[in-house]
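**Student:** Let me see the structure of the following:
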Amino acid sequence: MYEIFVGRQPIYTPNLEVYGYELFFRDQEIGEADIKDLSVASYQVMLNSLLEMGLEQLVGKNRVFFNVTPEVLRSEFLQSLDRNQVVLELVDGTAITDELIALLKQVADRGFTVALDNYVYLNSTRQLMETARIVKINMNSLNEEELSTQVKILRHYNVKLVAERLETKEKFELARRLGFDYFQGYFLTYPNILKGKRLPTNRIMILQLMSKLHEPNIKVKEIEELISKDVSLSYRLLRYINSAHFALPEPIDSIHRAVIMVGLERIKSWVSLLALSRVDDKPHDLLVTALTRAKMCELLATAAGRPNAKSYFMVGLFSLVDVLTDLPMAEIINSLPVTDEIKQALAARGGDMGAALECAIAYERSNWEKVLYANLDNQAVIANYMQAIEWAGDLGSELMIA
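**Tutor:** Alright, predicted model coming up:
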């Protein structure tokens, strides 16, 4: 068992009834959180809330505010969130770009409510009002005249205003006089830290599941069988499918029915995140290296016209399996549901798959004399590696949540 933490602070109506809760990252029960990456912190809060502790237990049927970055807005993991309950709160200080505006429009079009944290209306920030429906204003960052001006301007838009960082009675009364819709801050309630337990996941099962998830013709029954082998993943899936998000008339008590209800695409998105994030005692960079090799091998095979490029992905992904699991490669290979060709590539760099892996590793280690594969020229290999690095880096950020 591992301890997990989620911070929670209510947001109140003028009658001091709870309108919703903001959930935020905490890595310990007491003290401030050590946040090295805002996107990683956001993913961790979502996964802990949704799959570990249960969103219904944390907020009931109230609105829930999750802090998000552009990277999170691009993620498929948003499919797992209830757009009628979840508010996506753009973190303070996010650079306003054309891509950000497009991302906010996309999630708003999908039915999510967009909130802006610590917002000040300026010419440079005006574009954000195209999609925002909730605006949070820091009561400590502006004087009374500036706050009044902001409220008057923002009342021309279809938004609700939240007075945040309310730390004194005077600030709370000022916010009420100015006509704010909702209120949040230490004066009303300090954040409380909720603690839960996370079940460990079997590492070999993780790798088997990742292998199956990347097969193009994967069947529901195969996913069902693999999830059923792991108590932790089975528990999370059943709790998720029986949450208020699905509002089912009767409980789902079998993995088969749960997989059918959730759908393979959603299963793939959150199980991939959940599964690899559970390799708890290994450096994050090790996972990114394995992902880079996997994508590099797949891209090399595609460029060389190989018909089974997805199998090359598996070779790269499993190339560090012995380091990740602290088990001999020979022992692991026998337990993996992969072809003899993949096993040969992993065991002895044999065959064409082994050659692709050898090329990826050589590039990774700057061993330029061995950066060779099929009939591809250097520029093609370089382009593939750059693409693999970018892909692995993006996914790696999502996986670094434990």
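
**Student:** isn't there a strand covering residue 374?
**Tutor:** No. Residue 374 is assigned coil when assessed by DSSP: H, G, I helix; E, B strand; the rest coil, not a strand.

**Student:** what are the ranges of the helices in the stretch 101-250 of the chain?
**Tutor:** Ranges of helices within the stretch 101-250 of the chain are 144-154, 169-178, 203-213, 220-228, 231-241, based on DSSP state H, counting those that start in this stretch.

**Student:** what distance separates the first one from the middle of the whole chain?
**Tutor:** Read that as helix 144-154. Relative to the centre of its chain, helix 144-154 is centred 36 Å away, using C-alpha atoms, centre = their mean, to the nearest Å.

**Student:** That helix relative to helix 169-178, how many degrees between them?
**Tutor:** 30 degrees (axes from the mean of the first three to the mean of the last three C-alpha atoms, to 10 degrees).

**Student:** change the start of the numbering to 38 and stick with it
**Tutor:** Yes, from this point I'll number from 38; that puts the last item at helix 181-191.

**Student:** Could you list every helix and strand that helix 181-191 packs against?
**Tutor:** On a contact count with 3 or more C-beta pairs under 8 Å, 6 or more residues apart in numbering; DSSP states H and E, helix 181-191 meets strand 169-175, helix 206-215. All C-beta spots, glycine's among them, are computed from the backbone N, C-alpha and C.

**Student:** Find the one among those with the highest mean neighbour count.
**Tutor:** strand 169-175 (a mean of 23; mean count of other C-beta atoms under 10 Å).

**Student:** Give me the sheet partners of it and which way each runs.
**Tutor:** With DSSP bridges as the test, strand 169-175 is paired with strand 150-153 (parallel), strand 197-201 (parallel).

**Student:** can you redo these as a markdown table with distance to residue 114?
**Tutor:** Output for the strands paired with strand 169-175, formatted as a markdown table (distance: least, C-beta to C-beta, whole Å):
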| stretch | distance to residue 114 |
| --- | --- |
| strand 150-153 | 17 |
| strand 197-201 | 25 |
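
**Student:** on that earlier part again, mean pLDDT lowest where, among the helices of the stretch 138-287 of the chain?
**Tutor:** Across the helices of the stretch 138-287 of the chain, helix 240-250 has the smallest mean pLDDT, namely a mean of 62.

**Student:** Run through the helices of the stretch 338-439 of the chain in chain order.
**Tutor:** Under DSSP H, counting those that start in this stretch, the stretch 338-439 of the chain gives helices at 346-354, 358-362, 366-372, 377-385, 388-401, 415-436.

**Student:** Need the winner for burial among those.
**Tutor:** With a mean of 24, the top stretch among these by mean neighbour count (mean count of other C-beta under 10 Å) is helix 346-354.

**Student:** by how many degrees do that one and helix 377-385 diverge?
**Tutor:** Going by the same axes, to 10 degrees, helix 346-354 makes 20 degrees with helix 377-385.

**Student:** For helix 346-354, output the C-alpha coordinates as CSV.
**Tutor:** The C-alpha trace of helix 346-354 is given here as CSV (Å, rounded to 0.1, in the frame of the first residue of the first chain):
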residue,chain,number,x,y,z
ALA,A,346,5.6,-1.7,-37.5
LYS,A,347,3.5,-2.0,-34.3
SER,A,348,5.5,-5.1,-33.3
TYR,A,349,8.7,-3.1,-33.6
PHE,A,350,7.2,-0.7,-31.0
MET,A,351,6.9,-3.7,-28.6
VAL,A,352,10.6,-4.5,-29.1
GLY,A,353,11.7,-1.0,-28.1
LEU,A,354,9.2,-0.8,-25.2
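
**Student:** pLDDT below threshold where in the stretch 338-439 of the chain?
**Tutor:** For the stretch 338-439 of the chain, applying pLDDT under 70 flags the ranges 361-363, 372-375, 432-439.

**Student:** again, 80 this time
**Tutor:** Applying pLDDT under 80 to the stretch 338-439 of the chain flags residues 347-348, 351, 354-355, 358-364, 368-376, 430-439.
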